[in-house]
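Peer 1: need a structure here:
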Amino acid sequence: MKRRIKDILAGILYFLYEKGILHNKIRVHTIDETIDELLNTEKSMVRFGDGEIVMIKGGDLMLQKASPEIAKGLARILAYPYEDFIVTIPGIFDTLSDHHRASRQFWKDHLLFCRKTYEKYCNPDRIYYSTFVSRCYYYASDRSSCDRWFAKIRKIWENRDVVVVEGSRTHNGVGNDLLDLADSVERIICPPSDAYGALTRILETCMQYGTDRLFLLSVGVAAKFLALELFQRGYRVLDIGNMDLEYEWYVRQAPDKIPLRKHEIIGERANREAAVHDREYGKYLEQIKYWL
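Peer 2: Residues are numbered from 1 along each chain as shown. Next comes the predicted model:
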């Protein structure tokens, strides 16, 4: 019964948004516009999904405990303080007609509980970019644009020397061609949980590289703070979140979310054992320059 009441309230709220009865001051670029901005400029990007908004409200995530320090820091970044440091949020305020049913319900529920957080902290003088740039497969009711989107995304790091900063489970580009257009790929492997607690160490390690490197970040909430710190020091940084997971689902044409074996291979020993049967894991280990 509680679930039914919540769904009804979420549906009513979203109806008011769609009909313009609740005035929406938050503007979000399309996925295509977001990709083109990243492809045609040297701007950095930080992404806010539902989890970051929940943390601003003081809620915990699976891999990161909440704190007032994190909440205040996220709120400052969400306010979009720098022109060349673009901020993405979910493009859910005008319509969800392009989402499949389960995704529509998820985001309606999210807005029911988090609408005021967006209205309080988002900058009304900015046009945000779309968080779905890195989650562009699962949500879509029509996935015919994914070929074009991923082809353009892969060109963002074409002929670039890339440093991937990721958790020990993530394996960005391992077993797929997501990063194949890069000139080189090196990796910094971070703790799989509470990466925010290791932020100083991660930042110092990243700064061992020159500003010619393009940084791709997949370290959860910590990525927001790391991206800003590196951006302010002259680096180009893209917070790509779970893009590799979406790309895997896209390559496999998965009808729904599916688990990936590589996420269960954790640590040097497990990866070396995997490399006996799959040379991709040996290549992955060669790319790792720092284990934190």
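Peer 1: hey, let's count contacts and neighbours off CA atoms from now on
Peer 2: OK.
Peer 1: find the centremost residue of this protein, please.
Peer 2: Centrality entry for the chain: nearest residue to the mean C-alpha point is Gly241, 2.9 Å, by Cα atoms, centre = their mean.
Peer 1: sketch out the low-pLDDT regions of this structure for me.
Peer 2: 1, 21, 23 (pLDDT under 70).
Peer 1: where exactly do the helices run in it?
Peer 2: 2-18, 31-40, 50-56, 68-78, 101-121, 146-155, 199-206, 222-232, 243-252, 268-275, 279-287 (DSSP state H).
Peer 1: can you list contacts of the first one?
Peer 2: Where contact means Cα atoms under 8 Å, 6 or more residues apart in numbering, the residues beyond helix 2-18 that reach it are 22-24, 93-95, 105, 108-109, 111-112.
Peer 1: which one, of the helices of the chain, ends up nearest to Val174?
Peer 2: With Cα to Cα, the closest approach to Val174 among those belongs to helix 279-287: 6.2 Å.
Peer 1: can you get me the centre-to-centre distance for that closest one and its chain?
Peer 2: 24 Å (Cα atoms, centre = their mean, to the nearest Å).
Peer 1: and if you look at stretch 238-252?
Peer 2: The answer for stretch 238-252 is 9 Å, by Cα atoms, centre = their mean.
Peer 1: over to stretch 95-103?
Peer 2: 19 Å.
Peer 1: what residues of that stretch count as buried?
Peer 2: Within stretch 95-103, the residues that count as buried by 16 or more other Cα atoms under 10 Å are 96, 99, 103.
Peer 1: residues in contact with the residue nearest to the centre of the chain?
Peer 2: By Cα under 8 Å, 6+ apart, the neighbours of Gly241 are 47, 134, 217-220.
Peer 1: rerun that using 10 Å as the cut-off
Peer 2: 46-49, 131, 134-135, 166, 170, 172, 216-221, 223 (Cα atoms under 10 Å, 6 or more residues apart in numbering).
Peer 1: with Pro124 instead?
Peer 2: Contacts of Pro124 (Cα under 10 Å, 6+ apart): 24-27, 79-80.
Peer 1: now do Ile92
Peer 2: With Cα under 10 Å, 6+ apart, Ile92 has these contacts: 14, 17, 26-28, 99, 104, 107-108, 110-111, 130, 132.
Peer 1: could you identify which of those has the most neighbours?
Peer 2: Ser130 (28 neighbours; other Cα atoms under 10 Å).
Peer 1: ok, for it, nearest residue in space, not its chain neighbours?
Peer 2: Of all residues not flanking Ser130 in the chain, Thr88 sits nearest, at 4.9 Å (Cα to Cα, 6 or more residues apart in numbering).
Peer 1: picking up where we left off before, quick one, phi psi at the residue nearest to the centre of the chain?
Peer 2: phi 50, psi -130 (degrees, to the nearest 10).
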